[in-house]
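Student: Mind looking at a prediction? Sequence and model below.
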Amino acid sequence: MPSRFPSRILPYLLLAPSVLIVVVFLVVPSIQSLYLSFFQTSPFGDRMIFVGLRNFTRLFRSAEYLNAFWVTLIAALIVVGVGLAASLLCAVLANQRIRGSHLYRTLMIWPYALSPAVAGTIWALLWHPTAGWLPYAIQALGGPSLNWMTSGNLALVVVSLAATWKMLGYNVIFFLAGLQGVPRELEEAAEVDGATPFRRFIHITLPFLSPTALFLLIMNSLYAFFEIFGLVDVMTKGGPGRATDILVYKLWRDGFVNLQTGLAAAESIILFVVVAILTVLQFRFVGQRVFYQ
Amino acid sequence: MTRRLVRAFLLAVVLVGLLGPAAAAQIEVQFWHSMSGAAGRALNDLVERFNASQSEYRVHAQFSGSYAEALTRAIAALRTGQAPNILQVYEVGTQTMLDSGAIIPVYELAESRGGIDFGDISRPIFNYYAVDGKLYSMPFNSSTAMLYYNKDIFRKAGLDPNRPPTTFDEVLEMGRQIVASGAAPHAISFGWPAWVFEQAHATHNQFYANNANGRAGRATEVLFNGPFGVEVVTHWRRWAEEGVFVYGGREYSANQAFISGQIAMLIQSTSSLASIEEAANFEVGTTFLPRLEGYPRGNSVIGGASLWVLKGQSERELDGVWEFFKFINRTENAVAWHQGTGYFPVTNSAVKTLLDSGWFAENPNSLTAFLQILTGSDHPAAQGVLLGQFVEIRDIVDTALEDALNGRVPVQRALDQAAARVNQVLADYALLYQ
Amino acid sequence: MSTPAMSVLAGAGYRIRRQVKTGLTHLAAWGTIFILALPVLYALVMSTLSFQEAYRFPPSLVPGRHLLANLQEAWVHINMGRLLFNSTVVAVAVAVGKMVLSVLAAFAFTYFGDFRGKWLFFGLILITHMLPLPVRIVPTFELITRLGWADTYWALTVPFFASATGTLLFRQFFLTVPHALADAARIDGAGPMRFLVSILLPLSRTNLAALFMVEFIYAWNEYLWPLVATSSDRMRVVQIGIKTLLASEAQAAEWNVVMAGAMISIVPPLLVLLLLQGAFVKGFALQQEK
């Protein structure tokens, strides 16, 4: 038990700013979202009709909404799958006991400073059918002529890769830290026993990395669901033809362009359920190590 | 030294004292708009000239993002009494504004203040923003759609550059010739497909929605999945199958293909004329929208935006708003606005001045769209459709058109599905206003 | 059968294999870094080209000489100075705000035993983890409009001052501080605030730097909220400015200028990352392992 200062009022004073802001700007608006989700509103907000669960049933029966869910899931899969694999590779490389690994670490994590919007802009350029270098390179190597702005599937892949690329730095930092937590004696013992680097990796390193990997899985999923609005807005605006219409993008469009605030609130609540599930998973499988001593 | 300072100080005080009251009495008029680029510059110019022309009112023009963003912000600001005096709203927001309960119709201001001859406003533009002959918002930046074409490609394909297609059939024929000759990879594309679909209805006098396109009463059902709509899209689908038509995205993306010579013809808003003429390194021609034979003549639909006056202003502020509107409608300003942006000259007097000065002779492409709307009829079906939640509806129609044109869904089914969704949207919207 | 000669050879072979392995590792590392940086390298090259060069086919990988011209164009076109100023104000305010509130809250949770409502407040702060912006964006937007904060720095900063991550980070850290320090302070008659400021804060330097880095970058890169909460040129932030650079209707995007602008926008968060990355690794990442 840590020390106890005897003051009775001070803790409340110290907590007041945080609690106040949390309640006013986070908790209350979230509850209002819930309330609003049961209504249909006029664009100017001057009229509201109670419609019960209709917004929710409409959403779940709407091909457009289900498409948005599907698109977001695929993006999340790519971000998590490709992202964790690639950053693990980078982390392993940067972790080797060779000179300059510190420099390598820096050179691998700097994309973390990029914003989703800038990352999206850069990838939009890279893949541009006329000004971009990638389509040209692919064609020069004998591949097909790719125009990501007209192919829905390709657009989704490009957007997801852009999002993945931006998060690589973050993942590498955590994987590096995780790798450094692997007891060296075990590795060396295995090496002496004649285990190949590959087997050493699978049987020793990976188990020690699993908390980190789980943590990153959840953080990357949250990222794909909630943080790539800017990337989509800059690259595709949800197109071509809704191929990259992630859930948050549809929410923004329904709430701020189509002025259907009740429907948007319903979408907000569904997103809340998603993040609640992810957070509970995080606290259960990862949190135990982190938050309780 | 000190005496000079004191005198300077006293002079300053006196000056402030003299100017102060005048400055304090100057009425501020907040004008939220969405004009950027060349149009933004022309607008700021217009506002500066207004402010310089008199000292009673000061218009403060604020770029507030896209049309959708500006509208959302204005709605939020209304709730806290911080709304602007004048709000520029896109044409698809017309029904929304009419239903908002937050506007002061322009005809009311005209009744109490006078000074603007509504008869001078171009008829089709007036009709778009009027209900029962009464004008609700002040026309400002209006455009329509027309057919742009690349005269150089026409020549290369062996076509007469002064004989662009007039009918759908001619588009297909000439398109085939263009593609076959290799003059261009494809022949035609559109910007804003859903809008072009509305244009097709209006130019052939076909109702897009019931209740006279929402002008005789609230529209509750759309009619675009009827025989006419299906025929139009079926034609487009055939063009696509033959490689004559290529899909160009939902807004302005097709412009790039036209400018770079990948398509020979483009159906697009007249507001793109200036930028296309500037960027194109070929001779640009323009003509009326192509027609389907066998249907009556209608008119092309007005696009763009207009200026709405919001409630909650003082009488003096409304005076300022009205003075600004009078200023905009003055011939020399309407002329300058057209020349600076490519939007229609709103008043007939402005058109006459442009004609007299030889402007249209030097810029024939500026005349095309105007001639198109002036030679069309003003049958109700040609006046443009008023729908609540129009932005969402255009979205739904865009998706249906994409599916139909890409061959993913048969034309009738795509249109039927879209109509069903749109009717649901309209029904929900109507519930709010029972 | 191993003779001394053979073991020398074996030893040499081992060394060579080790060197080759090290060399390959370096190569792989540089290769990975290069591939990772490829998009930005291309962007950098693009920012040095002229408009015609930008659209030349095949695309050129050779840098041009228009960097300064493009930077100037980007700067002037979207009033980059104002954008950078706004983003800096917001990012610093949010980062500092989160630091202050997190430290205060964590201190309250750690050094005052179990006071009434402690776990309620703790849960309340933690629950913010489950309330990202999209979950509450419409009512929050209406709230800030009602407060008159639309299009001001208040809207962009105050709602973000509380931090679940920060509070947890510091609470975690405070729990590892030896009791003796606090006990000594109490015995000396020092109040809790003095203890916090004179002893805990200096000890927390790494965590403070780590949190600052994370939150500065996060706030600098925010897009959706500034898009919704601000509208005027005066209050625009850099991220929205980039979007403005890109948006042009009928014209082809001036990629060279866009990239120049993008490069400018990266500099501040990149600097912060480079300066504080060590602290971040120590303060954040390693915490996960405890």
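Tutor: Perfect, thanks for sending it. Numbers count the residues shown, from 1 in each chain, chains lettered A, B, ... in the order given.

Student: Quickly find the element holding residue C:206.
Tutor: Residue C:206 belongs to helix C:205-220 when elements are defined using DSSP states H and E.

Student: Verify the stated contact: residue C:224 with residue C:141.
Tutor: No: look at residue C:224 against residue C:141 with CB atoms under 8 Å: they stay out of range, at 10.6 Å. Yep, even glycine has a C-beta here, placed from its N, CA and C like the rest.

Student: All the strands of the chain, residue numbers only.
Tutor: Going with chain A. Here chain A has its strands, by DSSP state E, at A:39-41, A:48-50.

Student: The intended chain is chain B.
Tutor: B:27-33, B:57-63, B:86-90, B:103-104, B:130-131, B:134-135, B:138-143, B:145-150, B:186-190, B:263-269, B:284-287, B:303-310.

Student: For the fifth one, which outside residues touch it?
Tutor: Contacts made with strand B:130-131 from outside it, assessed by CB atoms under 8 Å, 6 or more residues apart in numbering or on different chains, are listed as B:98, B:136, B:215, B:386.

Student: do you know how far the residue nearest to the first one when sequence neighbours are not counted is from chain C?
Tutor: Translated: residue B:98. Of all residues not flanking residue B:98 in the chain, residue B:136 sits nearest, at 6.4 Å (CB to CB, 6 or more residues apart in numbering or on different chains). Going from residue B:136 to chain C by CB to the nearest CB, to the nearest Å gives 25 Å.

Student: Repeat that for residue B:270.
Tutor: Distance from residue B:270 to chain C, by CB to the nearest CB: 12 Å.

Student: same question, residue B:420
Tutor: From residue B:420 across to chain C, the span is 28 Å (CB to the nearest CB).

Student: ok, that residue - how many residues close by?
Tutor: Around residue B:420 there are 12 other residues, counting by other CB atoms under 10 Å in any protein chain shown.

Student: any idea how far it is from residue C:181?
Tutor: For residue B:420, the distance to residue C:181 equals 71 Å [CB to CB, to the nearest Å].

Student: go on, residue B:82?
Tutor: Distance of residue B:82 to residue C:181, given as CB to CB: 52 Å.

Student: residues of the top helix by length along chain A that come out buried?
Tutor: Ordering each helix of chain A by length in residues (DSSP state H) puts helix A:63-95 first. For helix A:63-95, the buried set under the neighbour-count rule, 16 or more other CB atoms under 10 Å in any protein chain shown, comprises A:65, A:68-69, A:71-72, A:74-76, A:78-80, A:82-84, A:86-88, A:90-95.

Student: go on, stretch B:223-242?
Tutor: For stretch B:223-242, by 16+ other CB under 10 Å, it's B:223-225, B:228-233, B:235-237, B:239-240.

Student: Please state the offset of it from the chain centre?
Tutor: On the basis of CA atoms, centre = their mean, to the nearest Å, stretch B:223-242 sits 25 Å off its chain's mean C-alpha point.

Student: pull the CA atoms of that stretch into PDB?
Tutor: The C-alpha coordinates for stretch B:223-242 follow below in PDB (Å, rounded to 0.1, in the frame of the first residue of the first chain):
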ATOM      1  CA  LEU B 223     -41.100   8.400 -61.400                       C
ATOM      2  CA  PHE B 224     -37.700   8.000 -62.800                       C
ATOM      3  CA  ASN B 225     -38.100   4.200 -63.000                       C
ATOM      4  CA  GLY B 226     -40.800   4.600 -65.600                       C
ATOM      5  CA  PRO B 227     -40.500   3.900 -69.300                       C
ATOM      6  CA  PHE B 228     -38.700   7.200 -70.000                       C
ATOM      7  CA  GLY B 229     -36.000   6.800 -67.400                       C
ATOM      8  CA  VAL B 230     -35.400   3.200 -68.300                       C
ATOM      9  CA  GLU B 231     -35.100   4.100 -72.000                       C
ATOM     10  CA  VAL B 232     -32.500   6.800 -71.200                       C
ATOM     11  CA  VAL B 233     -30.300   4.600 -69.100                       C
ATOM     12  CA  THR B 234     -30.700   1.700 -71.500                       C
ATOM     13  CA  HIS B 235     -29.200   4.000 -74.200                       C
ATOM     14  CA  TRP B 236     -26.400   4.900 -71.900                       C
ATOM     15  CA  ARG B 237     -25.800   1.300 -71.100                       C
ATOM     16  CA  ARG B 238     -25.500   0.500 -74.800                       C
ATOM     17  CA  TRP B 239     -23.000   3.300 -75.200                       C
ATOM     18  CA  ALA B 240     -21.000   1.800 -72.300                       C
ATOM     19  CA  GLU B 241     -21.100  -1.700 -73.800                       C
ATOM     20  CA  GLU B 242     -19.700  -0.400 -77.000                       C
END
